[in-house]
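Colleague: I'll drop the sequence and a predicted model, then ask my questions.
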Amino acid sequence: MVKYKICKTKNQIIDHFWVRKTVFVEEQKVTMEEEFDLEEKNHTMFVVYDNHHPIGAARLKIMGHQAKIQRVCILKTYRFLGYGYSLMMELHKYCQAYGVSEIILDAQVQAIPFYEKCGYTAYGDLFYDARIPHYRMKITLEKI
């Protein structure tokens, strides 16, 4: 059974960091210094579990009526099964509950089709983060 959790316990935070380390540091070769920054404490962290096994993570920061989603990742063996999309929908619900009307994120170029399926639109110029090409994307949320 899949569960989406806001990290509130030490173990949930460890699981969140483990998923990010696995995906970004080990798989994509991002350095630890680039992946884990001093902003962690200013974000709400989420972890996805499949039968108590951590399989996904994301973090988000709310800034008034705008939020920024970052570090969205799903373990390789769980990709293309709908977990990432479901995680994004959970993040949208969380943002709506806090009155957020717009969400932005920085998408790796290879992930743009995924975010487009989630309702996001790319804008601006190509830029590099951790030597990986990105575009900024945004979505406007409906009021609930």
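Modeller: It's in. Values in this document were obtained by computation on a predicted structure and should not be read as measured data. Residues are numbered from 1 along each chain as shown.

Colleague: Spatially central, which residue of this structure would that be?
Modeller: Nearest to the mean C-alpha position of the chain, by C-alpha atoms, centre = their mean, lies residue 72 at 2.4 Å.

Colleague: what separates the nearest residue to that one once chain neighbours are set aside from residue 12, distance-wise?
Modeller: Nearest non-adjacent residue to residue 72, counting by C-beta to C-beta, 6 or more residues apart in numbering: residue 58, 4.4 Å away. (C-beta placed from N, C-alpha, C; glycine too.) According to C-beta to C-beta, to the nearest Å, residue 58 and residue 12 sit 13 Å apart.

Colleague: where do the strands sit along the chain?
Modeller: 2-6, 44-50, 53-63, 66-74, 102-108, 121-129, 132-140 (DSSP state E).

Colleague: Please spell out which residues along stretch 51-67 are buried.
Modeller: 54, 55, 56, 57, 58, 59, 60, 62, 67 (16 or more other C-beta atoms under 10 Å).
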